[in-house]
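**Student:** Have a look; sequence and predicted model below, questions after that.
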Amino acid sequence: MRLIKFIVAALVLILSVSVMSACKTDSNSDVTVAGSTSVQPYAEILDEEFSILYPETKIDIQGGGSAAGIEAAITGTAAIGMSSRALTDDEKSTLAYVVEIAKDGIAIIVHPDNPIRNLTMQEVCDIYSGKITNWNEVGGHNANIHIVTREDGSGTRSSFQDLVMGKNNEISPKAIVQDSNGAVRLLVSDDPDSIGFISLGLVEPQEGQKPVIALNLDGIAATRENVINGSYRLYRPFLFVSKSEPIDSAKEFIDFTLSKEGQQILIKEGLIPE
């Protein structure tokens, strides 16, 4: 009888250890990365290469916007938050780990049939605030301007607000709101009278996409080179953030992103290295 009890107790102990080990393995090898829909496609491309090096690790990449990603990192529901805007002072004080993985220009885009190829920063501000409503006011054809913007909580919109609109101007409530850079790009590529802003790395059409035109700002072309040399002023950081210092698989993914191989992937996709 004692032998049976001993065997049962031993089996229970072995099962408990096995379950604990399995749970530990899962927590170490499954990483949730959430936030900016601007950073998301680049994180997914990085994961394609990362998964070859670490096939046992599952990276779950989710969108939701920069604000949601930062909040997910703060609450611990995501190991890594993604942001495509600078952090507020409160966010900086709450997050123990913040790293810039790359810089990204913001391109002001129009339809190829639009004759406009240059706007001043002030003209863009006036268009988006509703002070300028017709393309003929900036040298274009006689047509109402259809403003396309990102949703509240978007890092792209927040950066655009800070860099173009400033503290004293708001985006017109008449603007058409889209929930991703891809959606903004698609709408502008279909509407000759529209204007939008997207990640510079997404301007060039992928297979099946229609072209759009990135406008010069104050006479400066929207290019990676001009972001690097500082002449094109419309750009923002791409950040990975975490509630605490990353460990295990989360650290491995961040280290890969910052490695020479990871940075080359981001450069190839149109971003500017950190």
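**Tutor:** Done, it's in. Numbers count the residues shown, from 1 in each chain.
**Student:** all contacts plus neighbour counts: C-alpha atoms, from now on.
**Tutor:** Noted.
**Student:** so who does Asn229 touch?
**Tutor:** For Asn229, the contact set (Cα atoms under 8 Å, 6 or more residues apart in numbering) is empty.
**Student:** Distance of it relative to Ile220?
**Tutor:** According to Cα to Cα, to the nearest Å, Asn229 and Ile220 sit 11 Å apart.
**Student:** residue boundaries of the helices in the stretch 101-250 of the chain?
**Tutor:** With DSSP state H, counting those that start in this stretch applied, the stretch 101-250 of the chain shows helices at 121-129, 155-160, 181-190, 224-228, 248-258, listed in chain order.
**Student:** deepest of these, which one?
**Tutor:** Of all the helices of the stretch 101-250 of the chain, helix 155-160 carries the top mean neighbour count, a mean of 24, counting by mean count of other Cα atoms under 10 Å.
**Student:** Skip the chain neighbours and tell me the closest residue to Lys167.
**Tutor:** Counting by Cα to Cα, 6 or more residues apart in numbering, Gln161 is the residue found nearest to Lys167 once chain neighbours are left out, at 7.9 Å.
**Student:** residues near that neighbour, how many?
**Tutor:** Residues within reach of Gln161, counting by other Cα atoms under 10 Å, total 18.
**Student:** so who does it touch?
**Tutor:** The contact partners of Gln161, by Cα under 8 Å, 6+ apart, come to 167, 170-171.
**Student:** Please state the backbone phi and psi of Lys210?
**Tutor:** phi -80, psi 150 (degrees, to the nearest 10).
**Student:** I'd like to know how many residues surround it.
**Tutor:** Using other Cα under 10 Å, Lys210 is surrounded by 15 other residues.
**Student:** From Met82, how far out is it?
**Tutor:** Going from Lys210 to Met82 by Cα to Cα gives 28 Å.
**Student:** Equivalent analysis for Met165, please.
**Tutor:** Shown here: Met165 relative to Met82, a distance of 23 Å by Cα to Cα.
**Student:** before we move on, the earlier item: can I get the helices of the stretch 101-250 of the chain in a markdown table with distance to Leu202 and mean pLDDT?
**Tutor:** Formatted as a markdown table, the helices of the stretch 101-250 of the chain follow (distance: least, Cα to Cα, whole Å; pLDDT from 0 to 100):
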| stretch | distance to Leu202 | mean pLDDT |
| --- | --- | --- |
| helix 121-129 | 20 | 98 |
| helix 155-160 | 13 | 94 |
| helix 181-190 | 8 | 96 |
| helix 224-228 | 12 | 92 |
| helix 248-258 | 19 | 97 |
